[in-house]
Structures are given as C-alpha cells and as structure tokens.
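Asks: let's see this in three dimensions:
(chains A, B and C)
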Amino acid sequence: MSGTTLIPRGRPPGKLSPARMGLYAFLAICALFFLTPLYVMLVTSLKAMPEIRQGYILAWPSAPSLAAWGKAWFSACTGLSCNGIRVGFVNSLRIMVPSVIVSITVGAITGYALSFWRPRGAVVLFGVLIAVAFIPYQVFIYPLVRIFSHLGLNNSVPGIVLIHTIFGLPTMTLIFRNHFAALPEELFKAARVDGAGFWRIFGAIMLPMALPIIVVAVILQVTGIWNDFIFGLVFAGRANLPMTVQLNNIVNSTQGEREYNVEMAATLLTATVPLVVYFVSGRWFVRGIAAGAVKG
Amino acid sequence: MSRQGNVSLRGVAVAYGPIRVFDRLDLEVAQSEFLVLLGPSGCGKSTLLNAIAGLTEIDDGEIWIGDRNVTWLEPKDRGIAMVFQSYALYPRMDVRANLSFGLKVARTPRAEIERRVRTASEMLQIADLLDRRPAELSGGQRQRVAIGRALVRDAGVFLFDEPLSNLDAQLRSELRVEIKRLHQRLGATMIYVTHDQIEALTLADRIAVMKDRTFQQIGSPQEIYQRPVNRFVATFVGSPAMNFVQGHIAPTTDGPVFRSASLRLPLPTYPFANASIDERPVELGIRPEHVIVAPEAAHAHEVCVEMSEPMGSDLLAWTRLGDLPLSVRLPAETKLTPGDRLRILLPEHRFSLFDLASGARL
Amino acid sequence: MRIGSRLAAHIALAPALLIALVAYCGAMSWTIWISFTNSRMLPSSVFVGLRQYSSLVANERWQVSVTNIAIFGLLFISLALMLGFLLAALIDQRVRGENLLRSVFLYPFSMSFIVTGLAWRWLLDPTFGIEKVMRDLGLAGFHFDWIVRPERAIYTLVAAAVWHAAGLVMAIMLAGLRGVDPELWKATRVDGIPTWRVYLFIIVPLLRGSFATAIILLATSVARLYDLSVAMTNGGPGIASEVPAKFVMDHLFDRGNVGLATAAATTMLITVVAVIAPLLYWQQSRPGARRTA
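Replies: Residues are numbered from 1 along each chain as shown, chains lettered A, B, ... in the order given. Purely as a prediction, here's the structure:
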C-alpha cells in the first residue's frame, strides 16, 4: 500500500468560514439597499394606479403593463403642454450632442496648448480653471444670464451649448492636459524638428494618442450633460427644456390626481441614457471618475 | 535643404529666468567633423544641443550653420536632423510614416519621399520593417528607425542626444559602429552628446569636454586622453581611471623634482606651461597602462600587489608604492597573488601634473 | 517658440482665456458687485454697502438654509466616506462577483440628482412608501414620515445623497486600496494583527490621498446641492429643507431679489474657498502628492 502523499488538494479549508459568510451577507444587504430604489421605480411603473394605492410598494405587479410608460412618453403633462416626455428626450439629445462635441474639443485644444507649449501666463490660466471647478454655479449664473440675454443667446440651444462648454472647461482641460503632460517631451521635440507646427502636431500625433482619454471625456460629458438640471432650467428656454427639467415638471407641478406609475416611468426613461452609458462603458466609467477626481 | 555643415556658435548665452545657464560660449565645428559633447549629467551638453537645434531659444549671441545665421530660425529651417535618446518615434504611425512625416510636412513630392525612405531604410537595414509600428520593434530597431528619420531629411548637420544610452551594452557597440560608418559614408557634420567617454573616444574627430556648463577642453581624442588640461578631464576620460599621487614639486639645482613621501621623481623634460616653477602642492597623474613593468631595470620602483582585477582583455593590479596606491595594467595572463612584488618604471613623458588647488595642468 | 507657433498657441488658448476672463472672473466680480447694491428684479447701480448682507443674516429662510447645509454636509460626507470605504474594504477581500457588486454600488452615481430625488421621494412617501411596508410587516407603530416632518426632512436628503455618492467613494477607495503594497498584508499576517485593526490603524492612514480626493469631491457637491432638494422636497415642508443654492436660485428668478441672492451667492463663495482651499493645500503638500497643476 503506497503511503499517503502530503500534497494538499482542493480548496484550502475554511473558505466559507462564518466570517466570510457574514461578509457576503453584509454585501448582499448593501446591494439590496442600492437596488431597492431602482426596483421600486420599475415595479411601480408597471402597475396600474388602483394596485399602487391598495398595494405594497415592494410587490411585483400582478399584471405588469407598459401602459404607464406609453403615457409618460407620449402624453404626460410637462407644464403647459401634454406631449409626453419624448419632447424632453429629443431636447436633451439636441443639447447633449453639440455640447459634448464642443466642450471636449475646446478642452482638448486648451489642454494641449497648456501642456506642451506653455505660453506666458499659462500657469495662471490653468490655476483659474482649476479654482473654478470647485466654486458653486450660483456665483456665476446671474451675470451670465444677463450677458446671454444681451447677446441674444438666452433660451436657445447654442446658448446652453456654450454654457456647458464654459462649465465643462475646467474638468476637460484638466484631464487632457494631464494626459498630454505624461507623454514624453522628446516626441514633441522630434515633431518640431520634423517641421510640424502647433496644429499639425495636434492633429497628426497627439490626437491619435489621446483616444483613451477622449473616451473618458465622452463618458464624463454625456453623463454630466444629460443629467444636468440647473443649466437646462435657466438657459435652455421653454422650447428646449431637457428631459430632467420636464421630468421635474411632470412630478412636481401636477395638480390634482397624481399618477405615480406614469411618474416612475418618466423617471426611468430619463435615467435610461446614463444607465446605458454606464453599463456599456464598464471599466471606462471608473477611469472617468479617476480622471475627473484627479482635480485634487 | 542646404547641406552646408560647418556650425559656429558665437557668444551664445542661455538663461532660464534669472539663472544664466550658459554665458558667452564659443564653438566652431568644421564641415564633416564629428564633434562629441562629453560631460556628466547637468553639465549643459543637452541644453547646448537643443540650442543648436533651435528647440531652445538663446538669449544672447549667434548661431551660424554654413553661411546662414540661423539664430532665429525654426528647427526645420536650419538644415539639421536630430536623433533622441528615447527614439521619440510616433507611436500611432508605422515605420514608413515615421520616416516620411517630416518630408510630408515640408511638402516634398511623393516620388522623392519614397526614394529617400528607400535609401535610408536600406542603409540602416530596416527595409523589411517599414509596415510595422514602433511598439512591435526591438530597442535596436527603434533606434535605427530614429536614425533613419534623421537621414531622410538630407541635412547638413546631424545632432545626436545620447542616442545609445537606452540600449544594452552589446547593442550599444553595434550601433556605435553603424554611426561611425554612417559618418564616413555621408560626410555630414555630426554633433553627438554623451556621458560615455568610450563613445566619445571611438566616434569623435574632436571632443568638447563640458562641466558646469563650460568647455573644459576641446581637442582630438588623443589630445584629451594624453594631455588632459585639468584634473576633471583627466578623471572623466579614460577607463580604468588615471592614478593620482599627491605631493610637491620644487625647483632644485638639477631641475624640478616631484616629491611625495619617500618617492622622488625628477622632471627634467616635463613641458611646463609656465617656464618659472615655484614650489607648490600638486597631483601627479599617470594612467595604469603607462606604468611599465620592468623587472630588470636598475632604477625601478618596487610596488606590492594588494589585489588584482581580471578584465578579460587585461589585468588591473592594485598595488602600493610605499604608502601610495597605484593601479597598473598588465597582460591578462599574468599570474599574481596578493603580496607579490613588482618592479615598475614611471616614464616622465607620460606624466600629467595638476595644481592641487585649481586642478589645472601645469 | 517662434512667432508662428507662438501665435497659434495663443489663438488656441483664446476661447479658454475669453471664458476665464468673462464667464469666470467677470461674472464672479459682477455677482459680488451686485451684492453691494440695492438690486431687486434687475441690477441697479445704487451702492448700499453691506445692507444686503445684514438682510441676509436676518432672513429666516437663509438661516434655515445654512443650518441645513451644515447638517447635510457633515452627515453626508462622513456617512458617504464610511460606507464607501467599508464597501471598498469588503470588496477588496477577494470576494467573488466583484464586478457585479461594483456595478451595483456604482450605478446610482450615473443617475441624475432629479432621478435620485424622485425615486427616494417615492420610496419615503409616508402614504405608500417604507412606512406602509413596515406597517404591513407588522410593525404597527412604525413611523417614517421624515420626508414631511420639518425637523427631519433634511435627513432624507442625506440618505438619498449617500445612496448616490457612496459608489463614487468606493471607486476612489478601491483604487487606493489596490495601490497598497501586498507585502504589507503578508507582514500583518505574520504579526497576527486582526484584519479590522489593520484597516483602521494602518490602511486608513495610508489612504490619506484617496480620502482627501473623496472629501474634496463630496464637499464640492455639498455646496452644489440644488437638484436633489428640488426633486425630493422642494425645500419643504415649508422652508424646512431649504438649502443655500436653492435660496440663491429662488431669489434670483422667482422672487426677484437679485441683491439678496447675490449676497447669498457671495457668502457661499467665501465659505467654499475657506473650506476647500486648505483641503487642497493639504492634499498638494503631502509627500508624494500627484503632480497636477
């Protein structure tokens, strides 16, 4: 009979110790805490009003239906008109797409100019940009409203695109500048010896190398601009109100009977775009947080 | 593109804010010369190269390339090409695009670009790498591409900023030979920055040794090696390092004599810079390979071997001459044990005498 | 830089410069200036010194706002930090399904404050929400009508905000934890130090940088608190959950008292600078702080 060998096999003992089970249990409870609001929104939006009134907020709908969703999309009342929140959806798109493009472009060029070329006063400009990132918008808003109304930009899409560019500039400049500053300077010197000027170096060399940070910037801006409320409220104008503002109107300014299922459906519809971006982008979203957090 | 290659720096000064980095430097580089700027880190050699390239602005003085004053010209208009330590290849372009980028910027006709890329890649044996990206290349291949990028510019002056420092020793010697061959083939002026004195000695027509942002000595490798103008140059150039013995020189009736402890060395034929010699503390320098082992000589000194370092091609013996340490180079096959005694001669014509205080050659 | 490139760089920076001068410095100065005038609906140029500020201090709504934001700030930042760190520390224990857990904890951060506020408002609705759940579970006397109780309303905002931001803190802490030298864990195991002790006394001090970053980000969003309060309670019941940002916005646009509003905004500015500047300075002056500006 061969002697038993002393090679350990299988999982190390105690892998599922009481401590570990407690760990998983705690994490599960936290997960429930985080998921409950989403679940409740979903469930409420699928119920009919009588069931909501009688029932139990956590219960799964007895006869789930998308009727409330249809109503929210097509015919919910957002203030004066009752054309549903799809109006807001379209407005948000019309605002978001140009805003993302313009704010990232300006931020990228500014970050590039500040990182490699460093003209006089660059440090001061950069310092001002960083400082502004921490200051509440209320400090700037009123004069901007007055300036925009003088320029005829109030209540227009170009106006709010400009606003998003103005307030997105600090973060965008920061992440691009940090990205470019981490590149080797000799690359830049070689391009200058090759005779490339400011714009050529940007377009042919730096921008192709900036693809990761562009993805991060897009994620940050799409999420930030879609979720914006305050600027949409002040600068977009009634014809261009973004989805968040319309959502708030649906919920907070309804007189009389409140249709909770429609409200929840509208809320979920508003949350869809950022959630999709979040789940699709995965790790990039976290990278975006890290890049934006490097402010400090 | 002008292929003129003589470079002239006249009274060049560079300042960073209130700090004067260089002050009134003058340098003449002849057409087709290979000049090496040699010195330790921080001596200013890279700054000077960047100034010649036009990457750094100078605050005073002039830079001439050929018969043109290029002081205010952009790098691309100076007729120069540059090779960097970290290769600085454009990562998102393939090798062909890297080589042709500068020519495209200059709107060179496509046929001409192709011709030059072909010539350069054949000369550097990278012709089969043209479709690869830099990330797919080895260090040595990348450096060849970097050199190729400089070659296609058809410049009169080539600037090298420590191009071999990132390579391992074997690649370094391979590429060193390639660069020398390139110089012979092209006949272009080359200004080469390095801290490696072996590169300097093997590649240069002339070496400009720098320290603390001034030129210590400018001369041929032979001159620098045999007649270093001060102690710094003597220590920096030459490996294994020169031996230094502290002592005094004093004029005597038989001529000047060097004394240190029990050692007494007459200096009848030493070419002093200053005819009148007064008594002063000095350092006597002699290179290990210039110490002659002479078992039969009458007036030989006796040294005691403390340790020996086999270096492959030779043997370096660490000995003591009385109390004074002395390293001696011997043939590799020499059998030595600590405690052995050797009889050596110190030939006067190999001495270098340096003032102890200032380090200047006497 | 020669002329051509220098010009190009300056042209490229022109938009940023324009924005910095006009939209940042200009607007901020103008706001401060207006706070010294007697503007009501429209800006006036009658200088009245500190009168707006004294009105501000005496204003009940403002007093409530300030108290609320202080309570909110302290609770929100400490709870978000603790929960975020705890989650990160737990996930760092090589749990299975880490990606899934991370997604669950972080998704709230991707949602708008309006969405967050409305969801929580529904959840905490006294008639249909949690209170009813608990009552139905048998806890007959359970009260959770905080959202409509004046003295409790602000805490509901804290809950919603922590739910929103804990994932962010977790992400920052996880990044920091991943940067901890694994040799440290081996050393503490050899020394036999209990895990919770290691976290509390060794890891937390090591993660000072992550804490600083998280605090700065959280503090910035405290000052900005507006959307959430509009969606959840709209400052109510009454003025019980008013916050400074909402005070400013209401007085700028609805109540037509620009002078008072800008005085409030300027006060917010001074407070933020006084709080964040030392935090930033501390973060930048630590040894090994990242090079940014």
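Asks: for the residue nearest to the spatial centre of chain A, give me phi and psi.
Replies: For chain A, the residue nearest the mean C-alpha position is residue A:223 (1.5 Å; Cα atoms, centre = their mean). Here is the backbone geometry of residue A:223 (degrees, to the nearest 10): phi -60, psi -50.
Asks: would you agree it is in contact with residue C:111?
Replies: No. Contact criterion Cβ atoms under 8 Å: residue A:223 and residue C:111 do not qualify, at 9.1 Å. C-beta: built from backbone N, CA, C; applies to glycine.
Asks: what do these two both touch?
Replies: Residues touching both residue A:223 and residue C:111 (Cβ atoms under 8 Å, 6 or more residues apart in numbering or on different chains) are residue A:274.
Asks: ok, the nearest residue to residue A:181 once chain neighbours are set aside - contacts?
Replies: Closest residue to residue A:181 apart from its sequence neighbours, by Cβ to Cβ, 6 or more residues apart in numbering or on different chains: residue A:115 at 4.5 Å. Contact analysis of residue A:115 by Cβ under 8 Å, 6+ apart lists A:176, A:177, A:180, A:181.
Asks: I'd like the distance between the closest residue to residue A:119 other than its chain neighbours and residue A:117.
Replies: Excluding the flanking residues, the one nearest residue A:119 by Cβ to Cβ, 6+ apart is residue C:9, at 5.0 Å. For residue C:9, the distance to residue A:117 (Cβ to Cβ, to the nearest Å) stands at 4 Å.
Asks: so those two - more neighbours on which side?
Replies: Taking other Cβ atoms under 10 Å in any protein chain shown, residue C:9 and residue A:117 do not tie; residue C:9 has more neighbours (22 against 19).
Asks: can you tell me the element the more buried one falls in?
Replies: Secondary structure from DSSP states H and E places residue C:9 in helix C:3-18.
Asks: what packs against that helix?
Replies: helix A:86-112, helix A:122-132, helix A:198-200 (3 or more Cβ pairs under 8 Å, 6 or more residues apart in numbering or on different chains; DSSP states H and E).
Asks: make TSV from those helices and add distance to chain B, mean neighbour count and mean pLDDT to it.
Replies: Converted to TSV, the helices and strands packed on helix C:3-18 look like this (distance: least, Cβ to the nearest Cβ, whole Å; neighbours: other Cβ atoms under 10 Å in any protein chain shown; pLDDT from 0 to 100):
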stretch	distance to chain B	mean neighbour count	mean pLDDT
helix A:86-112	16	21	95
helix A:122-132	13	17	89
helix A:198-200	6	18	92
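Asks: turn the ones you listed into CSV, columns for distance to chain C.
Replies: Output for those, formatted as CSV (distance: least, Cβ to the nearest Cβ, whole Å):
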stretch, distance to chain C
helix A:86-112, 4
helix A:122-132, 5
helix A:198-200, 4
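Asks: assign a three-state SS to the nearest residue to residue B:69 once chain neighbours are set aside, would you?
Replies: Using Cβ to Cβ, 6+ apart and skipping the chain neighbours, the partner closest in space to residue B:69 is residue B:62 (5.9 Å). Secondary structure, DSSP: H, G, I helix; E, B strand; the rest coil: residue B:62 is strand.
Asks: what does residue B:216 give?
Replies: When classified by three-state DSSP, residue B:216 comes out as strand.
Asks: with adjacent residues omitted, what lies nearest to it?
Replies: Distance criterion Cβ to Cβ, 6+ apart; nearest residue to residue B:216, sequence neighbours excluded, is residue B:209 at 4.5 Å.
Asks: hmm, back to that, for the residue nearest to residue B:69, give its distance to residue B:27.
Replies: Counting by Cβ to Cβ, the separation of residue B:62 from residue B:27 is 12 Å.
Asks: overlap in contacts, the two.
Replies: Counting by Cβ under 8 Å, 6+ apart, the contacts common to residue B:62 and residue B:27 are B:8, B:9, B:12.
Asks: pull out the buried residues from those.
Replies: B:8, B:9, B:12 (16 or more other Cβ atoms under 10 Å in any protein chain shown).
Asks: make TSV out of these and add distance to chain A and pLDDT.
Replies: As requested, those are exported to TSV (distance: Cβ to the nearest Cβ, whole Å; pLDDT from 0 to 100):
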residue	distance to chain A	pLDDT
B:8	20	89
B:9	18	89
B:12	19	88
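Asks: redo those residues as CSV? Include distance to residue B:332.
Replies: Converted to CSV, these look like this (distance: Cβ to Cβ, whole Å):
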residue, distance to residue B:332
B:8, 46
B:9, 44
B:12, 46
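Asks: nearest to chain C, of those residues?
Replies: Closest approach between those and chain C, by Cβ to the nearest Cβ: residue B:12, at 17.4 Å.
Asks: the closest one in helix, strand or coil?
Replies: Using three-state DSSP, the structure places residue B:12 in strand.
Asks: contacting residues for the closest residue to it other than its chain neighbours?
Replies: The shortest distance from residue B:12 to any non-neighbouring residue, by Cβ to Cβ, 6+ apart, is to residue B:61 (3.8 Å). By Cβ under 8 Å, 6+ apart, residue B:61 lies in contact with B:9, B:10, B:11, B:12, B:13, B:24, B:25, B:71.
Asks: part of a strand, is residue A:64?
Replies: No. Assessed by three-state DSSP, residue A:64 does not belong to a strand; its assignment is coil.
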